[in-house]
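Trainee: Sequence and computational prediction follow.
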Amino acid sequence: MSESPIIMEEKAGPVAEKELTVTLAPPTKHVVRNLEILEYLIGTVAGTDKIAKVAKYTLDVIKRIVSSCPHSILARIASLIPKFDAKATYASTSLSTYRYILRFGYTPFVLSKLLGKLHASLIEPSRAQKIWNNEESLGQLVDLYYGIFDELDTLYRLRIWQNPSLYDKVVKHECWAWQISIMLGLKKNWLKLQQTKSQITKLEVQRRVSKHAIQLSANLQSGGASPDSVVRQQLLQDLNKNKEGLKKERETERQLSELRHRKLVTCLDIARLSFDCAANCTDIFNISAPAYSYSVLSLGSGTVGLFKMWINAAQELSAQ
């Protein structure tokens with residue numbers, strides 16, 4: 001992130017000393033167009049996946065509205081497209097398969113990491129507990145569990161293997177693995193949010209204390225204390241170091257900006273995972289819910305996830 005330009009004005013103080021007043025000018029930022037952000041996201045696997053997810057569940061929701069409200073404006077617009085329902089179903093299924101293909105192939109890398117940890121724990125048994133008894137290893141095991149069944153699902157969709165009864169079990173395990181992954185993600189992001197809030201509060205308190213100290217220094221310079229006051233001289237010496245004060249203030253503002261962005265992104269992650277959790281629960285626990293519930297919740301998850309990626313991409317591009 002580029003540093004803010006600085007405007008400095010030199011004024012004569014009331015006690016015949018010169019005080020340097022420092023003002024931070026508004027930072028200049030590279031204006032990023034929405035088209036640039038979209039191009040950037042399409043160029044990434046994660047961005048393409050999120051766009052495909054939003055498109056798929058948007059189609060599913062439109063299909064539900066058209067079928068349940070045949071006299072709605074949306075249904076009338078859809079009626080202008082020949083065989084709309086069949087085309088929307090085909091497009092939705094194709095987008096779903098495309099997303100599975102995008103995810104395919106990650107499991108061997110997770111397995112390689114776990115095998116590396118297993119090898120290390122066999123060589124040094126005394127370190128086994130330290131290697132395995134942590135959240136990182138748990139997350140990798142869950143990723144392996146989910147990845148195996150997710151990729152089996154992909155191969156079934158591509159007709160590499162065909163066994164409907166076994167496929168039902170694969171889908172069941174895939175749902176449970178995804179649910180465990182969601183819960184771990186919610187826990188991780190909740191702790192991250194609390195830590196970020198604490199850091200923001202700490203920096204804001206430090207900034208207020210610093211501003212109060214500078215104001216106290218200005219009051220002392222205006223004649224509030226005797227010229228030979230030891231306290232006054234010490235405060236003037238400690239507080240009127242404009243270069244260091246400016247650098248510290250700029251660093252504090254930079255850190256606060258980063259922390260506020262991290263807080264927003266973490267809140268969006270919690271919202272996204274909450275949508276995913278609610279949608280997945282309807283499948284796992286066979287909850288009696290309206291037919292469109294899964295599509296609406298998944299669309300909410302995809303939209304929040306895409307917005308998170310959008311603001312991250314905008315920040316990265318504006319810094320270039």
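Mentor: Yep, it's here. Bear in mind that the values here come from a model prediction, so they are computed numbers and not experimental data.
Trainee: how many other residues sit next to the closest residue to residue 162 other than its chain neighbours?
Mentor: Distances taken as Cβ to Cβ, 6 or more residues apart in numbering place residue 156 nearest to residue 162, at 7.3 Å, with adjacent residues excluded. No exception for glycine: its C-beta is placed from N, CA and C like everyone else's. When neighbours are defined as other Cβ atoms under 10 Å, residue 156 has 18 of them.
Trainee: Please apply the same query to residue 50.
Mentor: By other Cβ under 10 Å, the residues close to residue 50 number 24.
Trainee: On the three-state scheme, residue 289 is what?
Mentor: coil (DSSP: H, G, I helix; E, B strand; the rest coil).
Trainee: Please name the residues that touch it.
Mentor: By Cβ atoms under 8 Å, 6 or more residues apart in numbering, the residues touching residue 289 are residue 282.
Trainee: And it, how close does it get to residue 282?
Mentor: Between residue 289 and residue 282 the computed distance is 5 Å (Cβ to Cβ, to the nearest Å).
Trainee: What separation do you get for the residue nearest to residue 162 and residue 166?
Mentor: Applying Cβ to Cβ to residue 156 and residue 166 gives a distance of 9 Å.
Trainee: now the one helix or strand residue 122 maps to: mean pLDDT?
Mentor: Element membership for residue 122, per DSSP states H and E: helix 107-123. The average pLDDT for helix 107-123 rounds to 96.
Trainee: swap in stretch 269-278?
Mentor: Regarding stretch 269-278, the rounded mean pLDDT is 97.
Trainee: Can you mark which positions in that stretch are buried?
Mentor: 269, 270, 271, 272, 273, 274, 275, 276, 277, 278 (16 or more other Cβ atoms under 10 Å).
Trainee: nearest to residue 254, of these?
Mentor: Nearest to residue 254 among those, counting by Cβ to Cβ, is residue 269 at 22.6 Å.
Trainee: Give me the distance between the closest one and residue 294.
Mentor: 21 Å.
Trainee: Where does pLDDT dip in the stretch 151-300 of the chain?
Mentor: By pLDDT under 70, the low-scoring segments of the stretch 151-300 of the chain are 213-246.
Trainee: Now do the strands in it.
Mentor: Read by DSSP state E, counting those that start in this stretch, the stretch 151-300 of the chain holds no strands at all.
Trainee: residue boundaries of the helices in it?
Mentor: 164-219, 230-239, 242-284, 293-318 (DSSP state H, counting those that start in this stretch).
Trainee: still on that earlier bit, for the next helix or strand after the helix holding residue 122, list the C-alpha coordinates in PDB.
Mentor: Following helix 107-123 in sequence order, the next helix or strand is helix 128-132 (DSSP H and E). Taking Å, rounded to 0.1, in the frame of the first residue of the first chain, the C-alpha atoms of helix 128-132 are listed here in PDB:
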ATOM      1  CA  ALA A 128       4.300 -37.600  16.900                       C
ATOM      2  CA  GLN A 129       1.900 -35.800  19.300                       C
ATOM      3  CA  LYS A 130       3.200 -32.400  18.300                       C
ATOM      4  CA  ILE A 131       2.900 -33.300  14.600                       C
ATOM      5  CA  TRP A 132      -0.700 -34.600  14.700                       C
END
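Trainee: Quick check: mean pLDDT of helix 128-132?
Mentor: Mean predicted lDDT for helix 128-132 stands at 94.
Trainee: Could you give me the buried positions within that helix?
Mentor: By neighbour count on 16+ other Cβ under 10 Å, the buried set for helix 128-132 is residue 132.
Trainee: What number of neighbouring residues does residue 150 come out with?
Mentor: 20.
Trainee: oh, I was asking about residue 39
Mentor: 13.
Trainee: Against residue 118, how distant is it?
Mentor: Residue 39 sits 42 Å away from residue 118, going by Cβ to Cβ.
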